[in-house]
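**Student:** A predicted structure for the sequence below; I have some questions about it.
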Amino acid sequence: MQPSPSRRPSPEYRQLRRAALSGLLGTTVEFYDFLVYGTVAALVFGELFFPGADPAVGTIAAFGTFAAGYAARPLGGIVFGHFGDRIGRKSMMLLTMALMGGGSFLIGLLPTYGAIGVWAPVLLVALRVVQGLAIGGEWGGATLMVVEHAESTQGDRRGLWSSFTQLGAPLGSVLSAGVVALVSALPDDDFRSWGWRVPFLLSVVLLAVGLFVRLKVAESPLFAQGKREPVARPPVLEVLRRPKTVLLAACVGIGAFTAQSLLTGFMISYAVDQGYSRPQVLTAVTVASCVALAVLPAASALSDRIGRRPVVLAGAVACAALAFPVLALVDSGSPGLLILALVLGHGIAQSTMYGPLGALLTELFGTEVRYTGASLGYQAATLIGAGFSPLIASSLVASSGGGSTPVALLLCAGAAITGVTVWRMRETRTTRLDASVPRAVAPSSPAPEGTPR
């Protein structure tokens, strides 16, 4: 029996579902690439691309190339945000995904230091920079497409719909941990000679699926309605006219990204050094990421009901409170307690902070500059919170003789920045997205109720 026309989803709702799937696939590719690189860098990149160095120095150098990709992200947010605000979200989404997945595939083909000498780390850094530029524009485009499509049909559930984009983080983590676990089970010689390449080469599959879905997504309706009246000056200059907003956008995400990088990529290297086997660590990361798949949408949906601020603040407080206990559990040497540690720190506390972030950042900026503003704030947070945290943690742990106290302190510092920032922000849950100017967010003021829907 055919469904009655009244029960069929509207065209707008179907486009919203496509946009949500597109955002999920895009951030899955992003975090798959991010975590595959962080994992393989922790395991073998030091000896393959920086041979002859002390193992600790080699690991630090490998995480230095990791940070190089993050350093390019804010620039990518500005560049792709500019064209996304001027010519459209969809075209930038296609381009950023192609560059991101293509860069990962090329890393899988890259000769090592033993084959081409110093050109190996040079090319590795170059590909990481290209990836960083692309990723700098990826999240903003993917999130805006979902939230702006949701505005007309599901405006009171923007947080929940934006969580599809956020779910790419744990899903990418599960996929990357699973693939790396399979190849790391190979004999060491095979893993070092060719096995490490397999996870990078497989990214082309995710890339093909993601591009196929994105081609079917319509342009953002909010952008389509307002594209004939762009702001006169470049969007980045318009955003920086009110630097408080983009600064708050950056600071509110630092805690989530610090926790994410320290409790996934860096934790693999740290836990292996503590005597855990690679499969044990990857299993713990996978279990924690599976928990995050449930916590992220729950936290995002809760933020639709009670507001973004209290949910993000609760996650920040939990992350700070759990930092030292989590590291103590890791240092116990027990595989079961390692799983518990990552579930508490990454699966619950970090995911609670991260879930509402997509909706929150898009609600801070007007349509004409939203791609640039949200991308710049988000990528600045990733640069500070995730880009340099593994490098700093590796250096501090090495200089302190292997203790976990520096890692716990970094977790607390990131959570404190997020907590203080969100405490000083206005609530954005009821903000309409069709305003035409960037939204300054005043500190310590009552939350505006916005225009009724």
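**Tutor:** Looks like it arrived, so ask away.

**Student:** so who does Thr382 touch?
**Tutor:** Going by Cβ atoms under 8 Å, 6 or more residues apart in numbering, Thr382 touches 70, 73, 253, 257. C-beta coordinates here come from the backbone N, C-alpha and C atoms, glycine included.

**Student:** let's see 7 Å
**Tutor:** The contact partners of Thr382, taken as Cβ atoms under 7 Å, 6 or more residues apart in numbering, are 70, 73, 257.

**Student:** Grab the nearest non-local neighbour of Leu296.
**Tutor:** Gly355 (4.4 Å; Cβ to Cβ, 6 or more residues apart in numbering).

**Student:** Pro199: which of the contacts of Thr382 is nearest?
**Tutor:** Tyr70 (19.6 Å; Cβ to Cβ).

**Student:** so Phe223 makes contact with Lys90?
**Tutor:** No: Phe223 is not in contact with Lys90 according to Cβ atoms under 7 Å; the separation is 8.9 Å.

**Student:** coming back round to it: can you tell me which of the contacts of Thr382 end up in helices?
**Tutor:** Judged by DSSP state H, the contacts of Thr382 include 70, 73, 257 as members of helices.

**Student:** Leu360: which element?
**Tutor:** helix 357-362 (DSSP states H and E).

**Student:** Restricting to C-alpha, output whichever helix or strand comes after that helix in PDB.
**Tutor:** Next in sequence after helix 357-362, counting helices and strands by DSSP H and E, comes helix 370-382. The C-alpha trace of helix 370-382 is given here as PDB (Å, rounded to 0.1, in the frame of the first residue of the first chain):
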ATOM      1  CA  ARG A 370      28.300  32.300   9.400                       C
ATOM      2  CA  TYR A 371      30.600  29.900   7.500                       C
ATOM      3  CA  THR A 372      33.700  32.100   8.100                       C
ATOM      4  CA  GLY A 373      32.800  32.900  11.800                       C
ATOM      5  CA  ALA A 374      31.900  29.400  12.900                       C
ATOM      6  CA  SER A 375      34.900  27.800  11.000                       C
ATOM      7  CA  LEU A 376      37.400  30.300  12.400                       C
ATOM      8  CA  GLY A 377      36.200  29.800  15.900                       C
ATOM      9  CA  TYR A 378      36.100  26.100  15.700                       C
ATOM     10  CA  GLN A 379      39.400  25.700  14.000                       C
ATOM     11  CA  ALA A 380      41.200  28.100  16.400                       C
ATOM     12  CA  ALA A 381      39.900  25.800  19.100                       C
ATOM     13  CA  THR A 382      41.200  22.700  17.400                       C
END
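
**Student:** related to what we said a few turns ago, would you enumerate the residues in contact with the residue nearest to Leu296?
**Tutor:** Contacts of Gly355 (Cβ under 7 Å, 6+ apart): 163, 166, 296, 299-300.

**Student:** Could you do Gly275 as well?
**Tutor:** Gly333.

**Student:** shift numbering so it begins at 15
**Tutor:** Sure thing, new numbering starts at 15, so read that last one as Gly289.

**Student:** and it, helix, strand or coil?
**Tutor:** Secondary structure, DSSP: H, G, I helix; E, B strand; the rest coil: Gly289 is coil.

**Student:** give me the low-pLDDT residue ranges for this structure?
**Tutor:** Within the chain, the segments meeting pLDDT under 70 span 15-21, 56, 66-81, 169, 240-246, 448-467.

**Student:** Spit out the contact partners of Leu158.
**Tutor:** By Cβ under 7 Å, 6+ apart, the neighbours of Leu158 are 103, 234, 376, 384-385, 388.

**Student:** about what we covered before: generate CSV for the contacts of Thr396, with distance to Leu424 and neighbour count as supplementary columns.
**Tutor:** Output for the contacts of Thr396, formatted as CSV (distance: Cβ to Cβ, whole Å; neighbours: other Cβ atoms under 10 Å):
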residue, distance to Leu424, neighbour count
Tyr84, 15, 28
Arg87, 19, 29
Phe271, 11, 27
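
**Student:** Now flag whichever of those residues is closest to Val357.
**Tutor:** Checking those one by one against Val357 (Cβ to Cβ), the nearest turns out to be Phe271, at 19.0 Å.

**Student:** show me the contacts for that closest one.
**Tutor:** 395-396, 399-400.

**Student:** What is the neighbour count of Leu108?
**Tutor:** 17 (other Cβ atoms under 10 Å).

**Student:** quick one: it from Gly329, how far?
**Tutor:** 32 Å (Cβ to Cβ, to the nearest Å).

**Student:** Give me the neighbour count for the closest residue in space to Leu236 that isn't next to it in sequence.
**Tutor:** Closest residue to Leu236 apart from its sequence neighbours, by Cβ to Cβ, 6+ apart: Glu162 at 4.3 Å. By other Cβ under 10 Å, the residues close to Glu162 number 26.

**Student:** List the contacts of Glu162.
**Tutor:** Going by Cβ under 7 Å, 6+ apart, the list of residues near Glu162 reads 234-237, 447.

**Student:** and the residues you listed, which are buried?
**Tutor:** Among those, the ones that count as buried by 16 or more other Cβ atoms under 10 Å are 234-237, 447.

**Student:** Closest one to Ile362 out of those, please.
**Tutor:** Leu447 (29.7 Å).

**Student:** how much space is there between the closest one and Gly52?
**Tutor:** 34 Å.

**Student:** ok, now Val136?
**Tutor:** 20 Å.

**Student:** Which one's more surrounded, the two?
**Tutor:** Gly52 (26 against 12).

**Student:** need the helices for the stretch 115-264 of the chain, in chain order.
**Tutor:** 127-130, 133-167, 172-180, 182-198, 202-204, 211-228, 235-240, 249-254, 257-277 (DSSP state H, counting those that start in this stretch).

**Student:** could I get those as CSV with distance to Thr432?
**Tutor:** Shown next, in CSV, are the helices of the stretch 115-264 of the chain (distance: least, Cβ to Cβ, whole Å):
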stretch, distance to Thr432
helix 127-130, 39
helix 133-167, 17
helix 172-180, 15
helix 182-198, 16
helix 202-204, 40
helix 211-228, 29
helix 235-240, 28
helix 249-254, 21
helix 257-277, 3
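
**Student:** Would you tell me which one of those helices is buried the most?
**Tutor:** helix 172-180 (a mean of 29; mean count of other Cβ atoms under 10 Å).

**Student:** now the angle from it to helix 133-167?
**Tutor:** Using axes from the mean of the first three to the mean of the last three Cα atoms, to 10 degrees, the inter-axis angle of helix 172-180 relative to helix 133-167 is 160 degrees.

**Student:** Can you list the neighbours in contact with helix 172-180?
**Tutor:** Contacts for helix 172-180 (Cβ under 7 Å, 6+ apart): 30, 34, 37-38, 41, 156-157, 160-161, 164, 168, 310-311, 314-315, 317-318, 368-373.

**Student:** of all the contacts of Phe271, which comes closest to Ile149?
**Tutor:** Using Cβ to Cβ, the contacts of Phe271 come closest to Ile149 at Thr396, 8.3 Å.

**Student:** Tell me the one of the contacts of Phe271 nearest Ser198?
**Tutor:** Ala400 (22.7 Å).
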